[in-house]
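# fold the following and give me the result.
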Amino acid sequence: MKLLVSPINREEAIIASKGGADIVDVKNPKEGSLGANFPWVIRDVKEAVNGRQPISATIGDFNYKPGTASLAALGAAASGADYVKVGLYDIQTEEQALELLTRIVTAVKDYDPRKRVVASGYSDYARINSISPMLLPAIAAEAGADVVMVDTGIKDGKSTFEFMNEEELTNFVNLGHKNRLEVAIAGSLKFEDLDVLEAIGPDIIGVRGMVCGGDRSNAIKQDLVEKLVSECQA
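Coordinates of the predicted model:
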């Protein structure tokens with residue numbers, strides 16, 4: 001499994017990079033689960049990481065606003081993100097999801113076809129009034145995205161495992177792979193989840209709180225990143 005770590009600034013990005021994260025993911029927890037950070041922060045992180053790892057950037061937890069989302073996606077791509085990640089939050093139908101993702105993919109790939117689009121659903125979709133993540137792999141593939149992900153929409157300490165069991169997450173991974181997508185799992189994951197995650201088989205796991213000592217509002221700790229890297233590679 002590849003490890004995606006989500007710093008909020010240059011200093012944390014350097015720690016995540018030195019700790020051995022496979023992907024450095026720029027987000028802004030103050031603006032939500034997949035809250036967007038500022039273009040200059042993405043550029044700053046890109047410069048600090050200096051090519052050691054690819055950079056991912058979240059553009060927000062989006063309801064049905066394809067125009068706004070496509071502009072945000074282009075902004076993230078132009079600021080240096082190699083992966084552009086969007087959350088489908090308060091998306092009511094498969095048709096809305098498809099249009100939102102298609103517009104984002106077009107904006108990003110027209111700018112640079114090498115850049116990758118990550119479509120994230122939410123394990124707690126019922127409590128945020130959005131569509132099931134199980135619908136997302138087929139939609140993401142049709143839209144031309146590269147990675148499908150599941151995360152938690154409300155960051156209250158509840159894990160993805162509290163909303164989707166091992167069988168459901170395994171099915172999500174299998175659906176992603178069937179549609180020739182990479183698959184990522186995130187959402188208040190813990191070190192004790194690693195064995196079951198290995199069995200489920202995602203390509204990527206996304207973390208922040210796990211490498212902040214359990215509280216995502218604290219700073220990232222290099223020793224915890226290193227520990228997680230070693231366990232993911234074991």
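
# who touches residue 30 in this structure?
If you count contacts by CB atoms under 8 Å, 6 or more residues apart in numbering, residue 30 has none. For every residue, glycine as well, the C-beta is placed using N, CA and C.

# then residue 112?
Contacts of residue 112 by CB under 8 Å, 6+ apart are residue 77.

# for the longest helix seen in the chain, which helices and strands make contact with it?
In the chain, with assignment by DSSP state H, the single longest helix is helix 94-111. Under the contact definition 3 or more CB pairs under 8 Å, 6 or more residues apart in numbering; DSSP states H and E, helix 94-111 sits against helix 66-78, strand 83-88, strand 116-122, helix 136-143.

# angle of it against strand 116-122?
160 degrees (axes from the mean of the first three to the mean of the last three CA atoms, to 10 degrees).

# possible to save the helices and strands packed on helix 94-111 as CSV with distance to residue 212, mean pLDDT and mean neighbour count?
Formatted as CSV, the helices and strands packed on helix 94-111 follow (distance: least, CB to CB, whole Å; pLDDT from 0 to 100; neighbours: other CB atoms under 10 Å):
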stretch, distance to residue 212, mean pLDDT, mean neighbour count
helix 66-78, 23, 98, 20
strand 83-88, 19, 98, 28
strand 116-122, 20, 99, 27
helix 136-143, 27, 99, 22
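
# reformat the ones you listed as TSV; add distance to residue 31.
Converted to TSV, the helices and strands packed on helix 94-111 look like this (distance: least, CB to CB, whole Å):
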stretch	distance to residue 31
helix 66-78	12
strand 83-88	11
strand 116-122	15
helix 136-143	22
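
# output the strand or helix carrying residue 13 as PDB - backbone C-alpha positions only.
Using DSSP states H and E, residue 13 maps to helix 10-19. C-alpha atoms of helix 10-19 as PDB (Å, rounded to 0.1, in the frame of the first residue of the first chain):
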ATOM      1  CA  ARG A  10       5.300  23.700   4.200                       C
ATOM      2  CA  GLU A  11       6.800  22.600   7.500                       C
ATOM      3  CA  GLU A  12       4.500  19.600   7.800                       C
ATOM      4  CA  ALA A  13       5.100  18.800   4.200                       C
ATOM      5  CA  ILE A  14       8.800  18.600   4.800                       C
ATOM      6  CA  ILE A  15       8.200  16.300   7.800                       C
ATOM      7  CA  ALA A  16       5.900  14.000   5.700                       C
ATOM      8  CA  SER A  17       8.400  13.900   2.900                       C
ATOM      9  CA  LYS A  18      11.400  13.100   5.100                       C
ATOM     10  CA  GLY A  19       9.300  10.500   6.900                       C
END
